[in-house]
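Asker: Structure of the sequence below:
(chains A, B and C)
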Amino acid sequence: MILSIKNLNIGFYDNQVYKPAIRNLSFELAAGEVLGVVGESGCGKSITNYALMGLLPSNALVTADRLELCGKKLLELNKKQWRDFRGNDVAMIFQDPMNALNPTITIEKQLVEMLSKMQKGKSGKEYRQMALKLLDKVGIPAAHLRLKNYPYELSGGMAQRVVIAMALACKPSILIADEPTTALDVTIQAQILNLLDQIRIDSNMAVIIVSHDIGIISEYADRIQVMYSGEVVESGTARQVTTNPYHPYTKGLLESLPGQGDKVPKSDLNTIPGVVIPIERQVEGCRYVERCPNAQDICHTTPPELIQISNNLSDLSRCHLRG
Amino acid sequence: MSDFSSQTQPAHFSGNQKFLTKVKLLFFRNNPIANFALVIILLLLAIGYIVPIILNLDPFGTSSELLLSPGTMSSNEVYYLLGTDDLGRDLFSRLVIGARSSLNIGFFIVLVSAFVGTSMGLVAGVYGGAIDAFIMRLTDVIMSLPSILLAIVIVAVLGGGLVNAVIAVIIVSMPRYIRVVRSVAMSEMKKQYVVAAQSFGIKRFRILWSEILPNCRAPVIVQSTLGFSEAVLDIAALGFLGLGARPPAADWGAMLADARTYIESAPYLVVLPGVCILITVLCFNIVGDALRDRFDPKLGDSK
Amino acid sequence: MNGIKHTVGIMITVICITILAFGLIRLTPGDPVLLMIGERGSDPIQYQKVATQLGLDKSITEQYQNFLSQAVQGNFGTSVVSSRPVKEELLARWPATIELGLFAMLLSLLIGIPAGIIAAVYRRRIADYVVTISSLVGYSMPIFWWGLVLILIFSVTLDLTPVSGRLDILYDIEPHTGFMLIDSLLSNAREEYQLDAFASALHHLLLPGIVMATVPIAVFARITRSSMLEVLSEDYIRTARAKGLSEFRVIMFHAFRNALIPIITIGGLFFVSTVVAGAILTETIFGWPGIGNYIVSSVYARDYPVIQACILVIGMLVIIVNMTTEYLYRLVNPRMRH
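Answerer: Purely as a prediction, here's the structure:
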């Protein structure tokens, strides 16, 4: 296993008050596997990723029974080790590629900065060649012309390709993609996702892809994890989660997709009423109860556990009302 | 004057909820420094406007026996709280009267320059075209010369004295209002509802009055607060250079200029008026910054 | 297109400043000729000469053209007080002001910008509060008083620094460049006094420099802090951290580079006005023989040709600095390069 998380808890201190953001998260990821993480904004999907990168703000508190990535115990890393770890073992790409690149530095410099950190002591020319190769690999046409460009001279899709090239520079064992296509045009989205898939196959990299769009995720992910208000509410193989969802929230997400198969005609697009309850709020029962269409008494009083729901060990759901 | 004291020390303080909420609104949440500065400003107002009524202050009376005497003393039934200056005048009285005159001058300058500046900014932003170009060029010229220099030039044309110094500072402080109001007006004019209103044939003046002016309130309040401190500072600087208030007027800047000669024998004469200027300017700046943060939180702690 | 508009704007401003300078003696109540030549007005020959020079018999536009062509050649007339050409008077005092101004600028950049960076990086920690509060105080400082207080502490009480002037009377240095720091290092001065004269010049520069730098330090610290805070929350800073770069590199190479854009724009705007205003007040307090001191005494003496020249020269200086700012802005902001 490349990534192994057990009982991860993350919270923030706000004026000396502890506010939890992620509760008891556990999952594992193998090399070459793609995990899709789905959930509305504000459910804590990104926070887990920042914890894996060590990029949480200083008022954050991370605890876990086990938090291992590429064989390293993340909770024990010091600052220097974190820096070596980031970019070496794990890389990240972000939602808005136009803002993810430094606007005052050329593409070449931003790439070479990364390359020279990985492979020290080469000549400028060699670095340049490596940068060119990377740009070719992510499918940027006329790469040699792009090197001297500033980020504002690229389109969104091109910029995201550059960000991906930068992430690949260090040949990471795991790539975290935080809403990699949200800010892009629909036509570009598929291209970028295909590119990511291609790279994953080539280099047997594990990928965590985060999105609020379960439709996109289901096409690329091996496994899907649905998060709600800081907790995993359902996880399983992509097929299991999308075709046979257990948790009412997952069902709600699927039903609110346009044109998902023939089950739901477009005219009947569903929405989930209400909003996510604030993660820091403590509740007696299920965190989804306020929005759940078939909530029972037990849902108000007892918090549901994450329980295996099929023969497959990894198919889990956090709901009292199975089936 | 009696009206004023009833405003600052309200008799109906207890029991009147509305007034309490108003007082609460006056202060800042999560900003103890700004609240402290606000209290100091209220204290300054009280000292400047109430103390002269209560106490019998004499900023001009000289005493030939007590020259340059520091500390508290009394002589001939006159009580000197902070000592005397080079002519044996009571320093405390002069500082208090100086506070009153600084506050008066500050308010006057802010009122006039904010009124004229806002009007010009509105006209420039709403009507655009040649008027806008003219007004902006004017502000560019005013701003391209440092305010003290321009004030000095204006004083050179008009001659020295407090009135001319005030006129100079008014002119110098207008651009801040013009620019901020113009930018608000221009961004409002582009908004859909204004464009829509115009397309219905509503006159521009009406739009200016009912849609744009209310949006200028917050930035003008912020600029007025910051402008107040600048006005006090500039008037003091002109007074110090001998181009503003003239002796024997009790003006902080002029007092400093007088005291320079006695820097070795009577340092307190130099220190105290400057402390008064610094505190006044500092408190208004702090409150101005806090107001800006309150009205426009996304600007954060920016300059 | 924008460039043309900008250039036109600058030219109009230049014209307005010349009109202001030109109009000065004509706006002032009284006979302009008497204003220009002062008490020597009783001499009818002199009177006639100046009247012709001012072209009072000609139309106002001709007078203005005449004024402009004279000014372009650096001919600003004769000082009423000294009867010497204003140009000479200004040239004699200019280096003193520039020396003081550059020293103050160096101080304010070297202190203000790092202080702002530290405050932003250690946001809401003690370092931030110290920088924020002291920059607020510095920004509000009446520097004419601040100078006196520093004199009181360092000169009167501690006897560490000189009260006024640019050099001890001990040293007699030939003015070559007018810059005391340079002149004191030039060959003959060096032979005679070794480095003592240079040390003395630096010693004299210290207190006025600090006084003049006080407000700019505060301004730069404030701007740097706020623009660094803004930049540090940008996505590309997160990217830089995700690349595993050292915190120092993230802050200095990635963040500061972008923060420089607003620092240059606002800093350039503030700088000249604080320095010129600072020069006027600081030079008055420290008896520094520069332009600022000269303007004030010229206003007292109603030396109008000098005031006119000072408006022109300082106005042009402001515009030159603004153009430099614009250039620097383009340099750090690739979007503006074409």
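Asker: which residues touch residue 169?
Answerer: Picked chain A for this. Applying C-beta atoms under 8 Å, 6 or more residues apart in numbering or on different chains, we find A:A169 in contact with A:87, A:111, A:114-115, A:118, A:130, A:134. All C-beta atoms are positioned from the backbone trio N, CA, C, and that covers glycine.
Asker: Switch to chain B, please.
Answerer: The contact partners of B:V169, by C-beta under 8 Å, 6+ apart, come to B:109, B:113, B:147, B:151, B:231, B:234-235, B:238.
Asker: roughly how far is the one helix or strand it maps to from the heart of the chain?
Answerer: B:V169 belongs to helix B:162-190 when assigned by DSSP states H and E. Put simply, helix B:162-190 sits 14 Å off its chain's centre (C-alpha atoms, centre = their mean, to the nearest Å).
Asker: and what of stretch A:2-12?
Answerer: Using C-alpha atoms, centre = their mean, the offset of stretch A:2-12 from its chain centre is 14 Å.
Asker: Touching, B:V126 and B:V181? I think so.
Answerer: No: counting by C-beta atoms under 8 Å, B:V126 sits too far from B:V181 to count as a contact (9.9 Å).
Asker: between the two, who's got more neighbours?
Answerer: The neighbour comparison of B:V126 against B:V181 (other C-beta atoms under 10 Å in any protein chain shown) goes to B:V181, with 28 against 24.
Asker: Return the residues in contact with C:R225.
Answerer: Contacts of C:R225 by C-beta under 8 Å, 6+ apart are B:301, C:115-117, C:119-120, C:128, C:131-132, C:135.
Asker: From the residues you listed, which one has the minimum pLDDT?
Answerer: pLDDT across these is at its lowest for B:D301, which sits at 39.
Asker: Report the separation between A:L25 and B:L26.
Answerer: Taking C-beta to C-beta, to the nearest Å as the measure, A:L25 falls 47 Å from B:L26.
Asker: Have a look at those two and say which one is more surrounded.
Answerer: Neighbours were counted for A:L25 and for B:L26 using other C-beta under 10 Å; A:L25 has more, 23 against 10.
Asker: Once you drop chain neighbours, what's closest to the more buried one?
Answerer: Excluding the flanking residues, the one nearest A:L25 by C-beta to C-beta, 6 or more residues apart in numbering or on different chains is A:L8, at 4.3 Å.
Asker: so whatever residue of the stretch 51-200 of chain C ends up closest to chain B, which of the three states?
Answerer: Nearest residue of the stretch 51-200 of chain C to chain B, counting by C-beta to the nearest C-beta: C:W145, 3.0 Å away. Following DSSP: H, G, I helix; E, B strand; the rest coil, the label given to C:W145 is helix.
Asker: ok, now how distant is it from C:Q53?
Answerer: Distance of C:W145 to C:Q53, given as C-beta to C-beta: 43 Å.
Asker: same thing with C:S226?
Answerer: Distance, C:S226 to C:Q53, by C-beta to C-beta: 52 Å.
Asker: Which element, helix or strand, includes the residue in the stretch 151-300 of chain B positioned nearest to chain C?
Answerer: Chain C sits closest to B:G274 of the stretch 151-300 of chain B, with a gap of 3.0 Å, by C-beta to the nearest C-beta. In this structure, B:G274 sits in helix B:267-295 according to DSSP H and E.
Asker: what mean pLDDT does that helix have?
Answerer: According to the model, helix B:267-295 has a mean pLDDT of 92.
Asker: what's that helix packed up against?
Answerer: helix B:32-49, helix B:91-127, helix B:213-240, helix B:252-259, helix C:126-139, helix C:143-150 (3 or more C-beta pairs under 8 Å, 6 or more residues apart in numbering or on different chains; DSSP states H and E).
Asker: Name the next helix or strand downstream of the one helix or strand C:V296 maps to, please.
Answerer: Using DSSP H and E, the secondary-structure element containing C:V296 is helix C:291-300. Next helix or strand after helix C:291-300 toward the C-terminus (DSSP H and E): helix C:304-332.
Asker: buried ones in that next one?
Answerer: C:304-315, C:317-319, C:321-322, C:325-326, C:328-329, C:332 (16 or more other C-beta atoms under 10 Å in any protein chain shown).
Asker: can you check stretch B:273-280 too?
Answerer: In terms of neighbour count (16+ other C-beta under 10 Å), stretch B:273-280 has its buried residues at B:273-274, B:276-280.
Asker: and it, how far out from the chain's middle?
Answerer: 13 Å.
Asker: Do a quick rundown of the helices in the stretch 51-200 of chain C.
Answerer: Ranges of helices in the stretch 51-200 of chain C, per DSSP state H, counting those that start in this stretch, are C:60-72, C:86-121, C:126-139, C:143-150, C:180-183, C:187-193, C:196-232.
Asker: what's the angle from the longest one to helix C:291-300?
Answerer: Going by axes from the mean of the first three to the mean of the last three C-alpha atoms, to 10 degrees, helix C:196-232 is angled at 100 degrees with respect to helix C:291-300.
Asker: Now helix C:196-232: buried residues?
Answerer: So for helix C:196-232, counting by 16+ other C-beta under 10 Å, buried means C:197-198, C:200-201, C:204-232.
Asker: how distant is that helix from the center of its chain?
Answerer: 13 Å.
Asker: tell me the mean pLDDT over that helix?
Answerer: The pLDDT scores in helix C:196-232 average 90.
Asker: Assign a three-state SS to B:E264, would you?
Answerer: Of the three states, B:E264 takes coil under three-state DSSP.
Asker: give me the number of residues near it?
Answerer: Using other C-beta under 10 Å, B:E264 is surrounded by 12 other residues.
Asker: Get me the contact residues on the stretch 1-150 of chain B for chain C.
Answerer: The stretch 1-150 of chain B comes close to chain C at residues B:33, B:137-138, B:140-141, B:143-149, as judged by C-beta under 8 Å from any C-beta of the partner chain.
Asker: From the residues you listed, keep the buried residues only.
Answerer: The neighbour-count test (16+ other C-beta under 10 Å) marks B:33, B:138, B:140-141, B:143-149 as buried among the residues of the stretch 1-150 of chain B next to chain C.
Asker: tell me which of those residues is nearest to chain A?
Answerer: B:I33 (17.2 Å).
Asker: Enumerate every residue touching the closest residue to that closest one other than its chain neighbours.
Answerer: Counting by C-beta to C-beta, 6+ apart, the nearest residue to B:I33 once its immediate chain neighbours are dropped is B:I286, at 6.1 Å. By C-beta under 8 Å, 6+ apart, the residues touching B:I286 are B:33-34, B:37, C:136.
Asker: The residues you listed into JSON lines, with extra columns for pLDDT?
Answerer: As requested, those are exported to JSON lines (pLDDT from 0 to 100):
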{"residue": "B:I33", "pLDDT": "88"}
{"residue": "B:A34", "pLDDT": "90"}
{"residue": "B:A37", "pLDDT": "92"}
{"residue": "C:L136", "pLDDT": "93"}
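Asker: Adding distance to C:G278, write these out as CSV.
Answerer: Output for the contacts of B:I286, formatted as CSV (distance: C-beta to C-beta, whole Å):
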residue, distance to C:G278
B:I33, 26
B:A34, 27
B:A37, 25
C:L136, 18
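Asker: looking at the residues you listed, which has the most residues close by?
Answerer: The most crowded member of those is B:A37, carrying 23 neighbours; neighbours defined as other C-beta under 10 Å.
Asker: residues in contact with that residue?
Answerer: Neighbouring residues of B:A37 by C-beta under 8 Å, 6+ apart: B:282-284, B:286-287, B:290.
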